[in-house]
Each structure stands twice: as C-alpha cells, then as structure tokens.
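# next input, structure requested:
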Amino acid sequence: MAGKRKDIPQEMSGREKKKQKTAIARTIAVQPSTSGSATQNAVAGPSKAAHFDAAKGLPGSLDVERFAEARAFEINAMHTAMQNARADTAHRAWQQLPRHLRRRAASHDVRRVPLRLRDKAKAEMDTPKAKPKKHIPQRGQAKREQRTEMLLKRQRDKVWLESHIWHAKRMHMENMWGYRLAVTPTEKSFRPSHRASVHGSILHDASYLGLIEIKGPERVIRSIFDRCCDFQGPSACAKRFSSGARVFVTHFYRRDSYPFNLIAPVQILWRPLATSPPMSGNQQSATSQIGDQTSKQKRDGKTEKTASQPSEELQRTVWLWIHPSVFDEVFQELCLCASLVLELVKKANPSSSTPSEVEIADLRRDLNVFEIMGPKASQVIHGALNPVIEDGRNDFKKCWSSLANLRSAGSVPRNTVIGFKVLDPRLSFPPKNATVSLNSWNVPSSSAAATGFYPTSSLAHSDIWNEEIRQPLQKPKFKKSEIDQRRSQNLIPGTPLQSQRQDDRIPMLMIQRSVENSSSQTTNSPFSATPSVHGWTLIIPAGWSMAFFPSLIHTGTRVGGQRERQTQAFESSSPCFPRDYPSTSAYNDFADKTGKEEQERWNKKPRAKRPAWEKLGVRSPWKPDWEVVLGLAQPEPFEEKPSAEDGHLLASDRDERDLETENAQPAADSVAQDAVDLERSKFPSGTEQHAVTEDHQTTCRPWLYRGMGVAGLIASLAASNSTAASRSNIIFHFIDASRKKRNNPRLNEAAEDYDFSHVSPKDLYRSALVRIGLRLLGRGCPSDMAIIYEMSDEEVLRSSPRTAFHHDNELMEEDMDKAESISIPPQESIIGYVTTGSYSLSLGEGSAIGAVPLAKLVDLQIQAKRLGQSAMTAKVRDRHDVTWRAAQVLLMED
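Below is the predicted model of the structure:
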C-alpha cells in the first residue's frame, strides 16, 4: 500500500508574512547563560521561588554605575527592540532615507537604496509576476513617435535649458521670458537653501541669460559704451576692465538719454589680448635681450610705429550678459548706437580707405552659465574639475592651488576672471570636495589662499573665445554609457579614469561673483549687518551642461531656482531685476503680469472672503501708481469688477446678499472711517491736496535715480536750508556734470535722437524715484505692494528707534505698541510702495525694498535732522491690513 503523500508547503499569505515580521521585530534578545553554552540564550521563565520578605535583605545604598553596567545588555536589547519594532512595522526601507535621497524609483530597484538598507529593501520587495509580452506589429512601431521628436514638439513656444529634464523631475517649472525655467524645488527647502548660501553651497543654472558679442575697433566700441552705459561710475573701457582681467557690472541706458530710459543692469567682459605661450629658458633669454634693445631705443627716441601698433585700430571682442526680458531691447539699441557711431567716424575721416566695421552677434545658444554660491563653492569646484596639465601659466597654477584653501570667494578681488581648460568631469566621477588646510591663527582675509588671486589678462586667457574651438565641442565625443563602460574595466572599482588623447579638453571661464549692497562694505553703514553672498560663475561651451552638473551637485550642493536666486539678493539687501527696478519696461511687464494674476484670484473669491480695497484706503491694489505718487497724474477711481458668483444671482438676491455683508462688518467699517479721519487731522490742511492741485501737464516720466553719488547728493540737499527750486537746480547741474564726463550734451540742449530741451530742473527733481530699504522697528513683516506713508512729527517721536530700542536691541511690549497703530492713513500721505518685502532670515525681522520720490526722501532726512533722530522713519502698511507699522528708512546704493 502506497504511503500518504506529504503535505505540500503552501506559500505564506501577506497577513502571515506581516505577523511573522512583526514578531521578529518585537523579539527581545536574552543574555546567554554563563554556566551553559555560549551560543545559546538562557530560557526566560518564572522565578523558581517566591520570597515575600526579600525586601528586608536589600542593601541600604545602590551603586548606579555598577548597576547600569550589570544591566547593560538588557537595556541595549530593550532599546534595540523598540527601534526595530517602530521602524520595521511603520516604515519601509526607502522611507528611512533623508528627503533629498528619496526617489520613487527606489521602490522598484534595490540598487538605488543605500547598502545599509539594501537587505531590508530586498525582504520588503514583492517579486513581480512575469507579464506576457504584448506583441506590437512592426507597422505600429514604425508609426510611433520618437522620444526626441516628442520633446522637440514641446519646445515650439519656449526654450528648454540643457538641464531641463533634471529640473522638471525635482522642481516647479514655469514659462518665463521665453524659457521654461525652474522656480522653486518641490521639497520644502526655503530655509535649507538660505543656509546653503551662507554656510554651504548652492547651484543655479543661469544659462537663460542673454549673451551678445561685439567685434570691432576698440575706439568704436568705446564710443558705444560711453553713450549707453551708466555715467556716474567708471567707464566700461577703463584699463582694469578693457584688459579682460575683470568683469564690469554696470547699467545700460538708451543712447544719450541718461538718467532717463534705464533698461537693465548688464555685465561686460572684454576678451584679453593675445599672449604668447609659455617659453623655454633659451626663448626667455632671447626675449629679454630684445626687450633690452627695445627699451634702449625708447630712451634714444628711435622707435617706429607699425600699422598694428596704434590702439585705435586694434580689433577687440566684447561679451555682454543681459537679462532675457530685455534682450531684444538691448540688442536693438546696440545696433542703432553702433550705426550712429560708425556714421560719425566716417564723417570725421572721409578719406579713410578702410572703413570701420562692427559685428554684433547673438550667442544665446553657444554658452552655458552656472552660478555656484556659498563659502564651500571653491572646494566644490576644486574637487569636481581637473585642469589640464599642459597649462604652463605660473599664475594659474598658483591660483588653482590656492582655490582649495579658500574659505570664501569674497576674499578674492571682485569680478576676477580665470580662464583655463579642464578634462571631462565624468572621468573623475564621483568627485570629492577639497579640504581647507589652514592654521588656527589664519583668518580668511589674510590667509595665503587669498593672495594667490591677482586679476591679470594672462590669468583670464581662455580658448572659449575662439569660435573655431568652441563649435566642435558642442557635442561630446563620448556618451555617458561609453565612459561607464571604460570605468567598468578598472581593476579597482571607484578609481577615476585616466584621460586619453582622444578625450575632450573643455575651455571655460570662472568669474568671481558677489551679491551684496555697495553700502555694506562700510562698517558704519546700516547695511553692514546684512551678510553678503559670494561665489563663482562658471561659463562652459554649449552641450556640456549635464556633463558638469552631476559633478557639481554630487557632494551635497543644493540646486536653486528663481525664488532662491531672488532670495539671495533680498537677504543681501541688493535689488533684483526686474522687480526692484521701477520705471523700466521690464518692471512694467512684471508688474502687469503679477497684477493681472492677483486680480484674477481676487475676482474668483466672494465678497465676504476678499479684501475691500476702497474701505481699506487702497487706490491701486494691483500695480504701484508711481505717476500719482510723484504728482505727475491724477489717481484713477477704483472700479470693482463683478465676481464669478454675481452672474448667478438675481437683482433682489444680490441686494440681499450685499445687505448681509454690510451688516456683518459694521464695526470694522466705522473703525476704518474713524481711523482715516484721525490720520487726516494729524497733517496740516492743504498738504493732503498738494498732489491734486499741482500741475500735472508735464512730459517728464518717472525715472530711477541710482548710482554711487546719490547718497552724497541727498546729504548735501538736506544739509542746506534751500528751497525746492534751488534743490532742483543742484540736481540738474549734477546730472549735467555726469553727462559732460561722457561728452554728451546737456539736458536742456537738443540731441539728435532724444530731445530733452523741454525738461526743466523742476520736472527733473519732481519725477525722480530713489530705491530705499525698510527695517521695521517692531513686529510685523511687510509684503510686496505694501504702502509707504510719511509720518508726522508726533508719530516720529513716539515710535523713534532711539527710544524704542534698548541696549540689547530688543523691544519691550509697550515699545512695540508705540511703533504700530490700528489706523488707515489718508491716501494723500502715500510716498511710495514696497517692491520686495518678506521676513529676512539673516536679520531675524521684517525687511523690505521699495522706492520713494527723491523729493520725499530729502524731506524725510530734513525731518529726522530737525527732530534729532539718527535715521529716517516712515509708516508701512500692507494692502489688506488696517495696521501701520513704523519702519526705518535706509538709502540703497548700487
């Protein structure tokens, strides 16, 4: 008789697996017995005997340390069991990773989980059942759209950066200025991004910046820049900039129209003059002999000038980086100005056989730009990039060796340019950050690393200027898969690949970049408390973005979008274009777009859930009315558009609903009206109607007055007991002196393209805007579009920072109440608006950047001096709030 069949073991169900997993996780290890085998645990069970009088034999004292040592195994076992039970039953392996390492693909691929959690992830994985392959006909495969074609179709109305796919997986994307750009990371990273810019490193892909190349005679390019760049600062053709050793940061205006028609800030970089390659010892000795003969001829006066020696015939190349929102405007203005200058040159030299020519090219698709900021940016770059050994420049070798020990890029001379060639970063992946090796008595400003950087034209030389070298590099010779195949053949895994002769050598530029306010460099300035952010700008050829990007972020460098870049400028009390540049065309477009979006959101809300602008005393809720603030136009009445729900109500229902809404807040309306009446009574009669009764028929438009000489001019205007007419003449002559420095006609003289003969000193002084910074004296945090009001003498004395602040820079509760009031100031006392307002993480208080008329700022400074105050004071109120708060007004220079 055949025996019975053995029971076939059945596969455990999911419930049984979970119960078994939980039981194993909750098992508490037992210490093995000393008398028995060392490999088996002691059996835990009830005690052999019960002693009811055991307490009588307890010692009178207990050594805690010895008792803890004796029970160390039990304590550790209990702690480990609690951790295992909590982790194994509630979290999976990839849920125990930090947020920046979590990936959705980790739940499907065990190799994406770190090694310490890989065994646990394997146990948690469910083996996928093999699915039958679906047969696709050959004809269907041929008709399917290729991935490259599909991605190109999505770029018809916008441009993608080379790192777009990487950013799209991790960041929120928006259409901005013709590009699809990253705005902010999807994870919560506002504070970590700020900490990275102050203590670590953060990277931003700025390849969307517009690049224009100008080629032509140096004297022609000099004339173009003298007519379009800022007249107050140094010239773009100064020797320290024209040598190519530094980048010149200035502001671009329409030709011959300074101080009007400001377009945008620009960065100008000159190509260094051609230098001879490193020479051997014999060549150096021969060159020195020739140099001695030349110097002797100069002393004897026997030198001869060749055709290539005169500087006016020297052909130069210049690069301009511009914000993409004004690229077309700047490009067109450069073309018009170049044609005008060439005509003047032709008229001056009609007998010249070789006419001068200027070539202006668009290089927006030829280069990629990375901005890496933070004190660790130098160590990240030094660890990720490997310069070629063939570079024989001694100054570059000294500079590169000092880069690893550089604690902050702020100790390097501003806007220093460094040019060199690097090997393919993928060959040395993964990189390691360089370590700073400094003695304890060294400080960053006086360290030996800071002395290794001296801007010279030889240090700035790079082959990236040469188009014949740059164009073949647009596509790397080797794909990432081919490099990985070479890496897999290494005997020792993880060792970097040795560069071969056929590997690419990529030319690049590294430029020192600082985000700071010019006033913060002085110790007695109010902006000295705001930290400056320093770093580097990397410029590489097109096609190499994703070859450099992984190496730069592999060692913990965070990646930021537009919000993080704007936050860096705000924390450093530096203006951000275009939002902090009123009176420019880019700012008007930005304000119109932002106001339209806010108005659409406001119209979608019911009346009970949205602010009533008329009752809050807001005359322009969507866009700052700078013309009204300056007294150049009449305020337009606010028209409330019907909301979405009004179209579905009858007339009787709408009236009933409005009646209920009005009855719901009778107290608030009465308080608001009383507050307005109270504020009106504080100002003398006649001042509130000043902007309305003044003549508005002026052809002068608002213009932003900025530059290095603004602070001194305002101080001189406030110091002298002069009238408004004399102040107008002072600023008029100051502007004329700046225009004369660039050989431009005076404002009251007729020009060829822009006729400013109708501009009077009164209109010039009356239409000027000045950028300011605001620091709240108490609680609160101003937001964008907050309204700035002037204060009466009584309010200034009551909320003065001299009486409100104590020795520990903290405010008492009663002092905070003095610095704010629940009232709505009258609209006639509005003197400006906030362009950027938020909570400053570096200051630990509310801060803002705004603009006010120049005349009002002079009045505030005169008021502060009259009352014996150390700083100017104004009131700030959010649009949707009824509480105004006192703030300190600071002049921003840039």
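# state the number of residues packed around L713.
By other C-beta atoms under 10 Å, the residues close to L713 number 18. C-beta: built from backbone N, CA, C; applies to glycine.
# quick check, it in contact with H733.
No. Using C-beta atoms under 8 Å, L713 makes no contact with H733, being 10.5 Å away.
# who touches stretch 259-268?
225, 229, 231, 236, 241, 247-254, 318-323, 325-326, 329-330, 333, 577-578, 581, 583-586, 701, 703-705, 735, 738, 754, 756, 768 (C-beta atoms under 8 Å, 6 or more residues apart in numbering).
# for ChimeraX, what selects the buried ones among the residues you listed?
Command for ChimeraX, covering only those of the contacts of stretch 259-268 found buried under the criterion 16 or more other C-beta atoms under 10 Å:
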select :225,229,231,236,241,247,248,249,250,251,252,253,254,318,319,320,321,322,323,325,326,329,330,333,577,578,581,583,584,585,586,703,704,705,735,738,756,768
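# what's the neighbour count on A886?
A886 has 24 nearby residues by other C-beta under 10 Å.
# secondary structure element for it?
Assigned by DSSP states H and E, A886 belongs to strand 883-891.
# same deal with M508?
Judged by DSSP H and E, M508 forms part of strand 505-515.
# next one: that strand to chain centre, how far?
From the chain centre to the centre of strand 505-515 is a distance of 17 Å (C-alpha atoms, centre = their mean, to the nearest Å).
# ok, back up a step: for the strand holding A886, packing partners?
helix 710-719, strand 768-776, strand 820-822, helix 854-866, strand 872-877 (3 or more C-beta pairs under 8 Å, 6 or more residues apart in numbering; DSSP states H and E).
# what pLDDT, on average, does the shortest one get?
What strand 820-822 shows for mean pLDDT is 73.
# what does the first one give?
For helix 710-719, the per-residue pLDDT values average out at 85.
# stretch 763-775 too?
The average pLDDT within stretch 763-775 is 92.
# and for stretch 790-802?
Rounded mean pLDDT across stretch 790-802 is 81.
# for the chain, which residue is closest to the average position?
Centroid-nearest residue in the chain, with C-alpha atoms, centre = their mean: R565, separated by 1.5 Å.
# that one looks like it's in a strand, true?
No. Read with DSSP: H, G, I helix; E, B strand; the rest coil, R565 is helix and lies in no strand.
# if we can go back for a sec, list the helices and strands the strand holding M508 packs on?
Counting by 3+ C-beta pairs under 8 Å, 6+ apart, strand 505-515 packs on strand 367-373, strand 417-423, strand 533-541.
# let's see that with 6 Å instead.
Judged by 3 or more C-beta pairs under 6 Å, 6 or more residues apart in numbering; DSSP states H and E, strand 505-515 is in contact with strand 417-423, strand 533-541.
# on that earlier part again, on the pLDDT front, check the residue nearest to the centre of the chain for me.
For R565, the predicted pLDDT is 96.
# please begin residue numbering at 32 from this point
Right, with 32 as the first residue, what we last looked at is R596.
# still on that earlier bit, show me the contacts of stretch 290-299 that map onto helices.
F256, F272, E360, V361, E364, S616, A617, I766, S769 (DSSP state H).
# now for these, which pair is the farthest apart?
F272 and S616 (26.8 Å; C-beta to C-beta).
# near the closest residue to V920 other than its chain neighbours, how many other residues are there?
Distances taken as C-beta to C-beta, 6 or more residues apart in numbering put M903 closest to V920, at 3.9 Å, once the chain neighbours are dropped. Residues lying near M903 (other C-beta under 10 Å) number 23.
# M903 against L891, yeah?
Yes. When contacts are counted by C-beta atoms under 6 Å, M903 is listed as touching L891 (4.2 Å).
# so for the strand holding M539, mean pLDDT?
Mean predicted confidence for strand 536-546 is 95.
# now do it: everything it contacts.
The contact list for strand 536-546 (C-beta atoms under 6 Å, 6 or more residues apart in numbering) reads 278, 419, 440, 443, 445-450, 452-453, 493-495, 564-571, 575, 599-600, 603, 605.
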